[in-house]
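Asks: Need a 3D model of the following:
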Amino acid sequence: KNFALPEICGVEILSFIRPAAFAVANRGRLILSLAMTSVRSTIITTTDNPEAEQHIVTAVRNSLQAEVRAETIMSYYWWDGKVQNDAERRLSFDTSHAFETAMDVVSKAHNYDVPMIITAVSEGGEHWKGTIAPATAELAAALAGSRLVACAQLDADGSLAVKTTAEAKVRSEIFIE
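Replies: Model prediction:
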């Protein structure tokens, strides 16, 4: 899936790029670094293709010596002027490698032209990644439709993982109450 940078969370790209938390186009990939990586970090991406999933898992195991956790989710996001929703596999793994190294391994193995590859968020930063529970498909679609979140991922257990800016998090709380 290709995401245009100004479209992420409906904010202007210049207000989204920051030294400590940034979104940049790099060799045709969207890199969403939500925080500076620590010694050990969790890296997350999604795919909709079983062969691509296996390719990513193999690359991560071989290059980063990490085990990948996979779970089926429903992703809600804004694309082509409307909310889209697709079944995807969320892949996550812990690594002590630098974020840039992990991102390079994942993006080379990924089937998306512009994969979203994220890492954990520090508290009090300009970006927020969190979980809302309980949640519904309607809430996921409303958050994606409002453009306050880049993507809302509904888990089978009814929890909703979202990624957004700290400013958009505050504005999105009207949907949660």
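Asks: So which residues of this structure form helices?
Replies: Chain-ordered helices for the chain, with DSSP state H as the definition, fall at 13-16, 50-64, 99-109, 137-146, 166-176.
Asks: Figure out which of these is closest to residue 152.
Replies: helix 137-146 (4.0 Å; CB to CB). Using the backbone N, CA and C atoms, a C-beta is placed for each residue, glycine as well.
Asks: centre of the chain versus the closest one, how much separation?
Replies: In terms of CA atoms, centre = their mean, to the nearest Å, the gap separating the centre of helix 137-146 from the centre of its chain is 16 Å.
Asks: And stretch 93-100, by the same measure?
Replies: For stretch 93-100, the distance between its averaged C-alpha position and the chain's averaged C-alpha position is 15 Å (CA atoms, centre = their mean).
Asks: how about the CA coordinates for that stretch, as PDB?
Replies: Coordinates of each C-alpha in stretch 93-100 appear next as PDB, following Å, rounded to 0.1, in the frame of the first residue of the first chain:
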ATOM      1  CA  PHE A  93       9.900  -8.700  16.600                       C
ATOM      2  CA  ASP A  94      12.300  -7.500  19.200                       C
ATOM      3  CA  THR A  95      15.900  -6.700  18.200                       C
ATOM      4  CA  SER A  96      19.000  -5.000  19.600                       C
ATOM      5  CA  HIS A  97      20.000  -3.900  16.100                       C
ATOM      6  CA  ALA A  98      19.600  -0.200  15.200                       C
ATOM      7  CA  PHE A  99      16.200   0.700  13.800                       C
ATOM      8  CA  GLU A 100      17.700   1.700  10.500                       C
END
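Asks: if we can go back for a sec, can you put the helices of the chain in TSV and add distance to residue 153?
Replies: What follows is the helices of the chain, written out as TSV (distance: least, CB to CB, whole Å):
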stretch	distance to residue 153
helix 13-16	20
helix 50-64	15
helix 99-109	17
helix 137-146	8
helix 166-176	15
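Asks: Show residues contacting stretch 52-67.
Replies: Taking CB atoms under 8 Å, 6 or more residues apart in numbering as the criterion, the residues outside stretch 52-67 that touch it are 45, 47, 68, 70, 89, 91, 93-95, 97, 101-102, 105-106, 108-111.
Asks: can you put the helices of the chain in a markdown table and add mean neighbour count?
Replies: What follows is the helices of the chain, written out as a markdown table (neighbours: other CB atoms under 10 Å):
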| stretch | mean neighbour count |
| --- | --- |
| helix 13-16 | 13 |
| helix 50-64 | 16 |
| helix 99-109 | 20 |
| helix 137-146 | 19 |
| helix 166-176 | 15 |
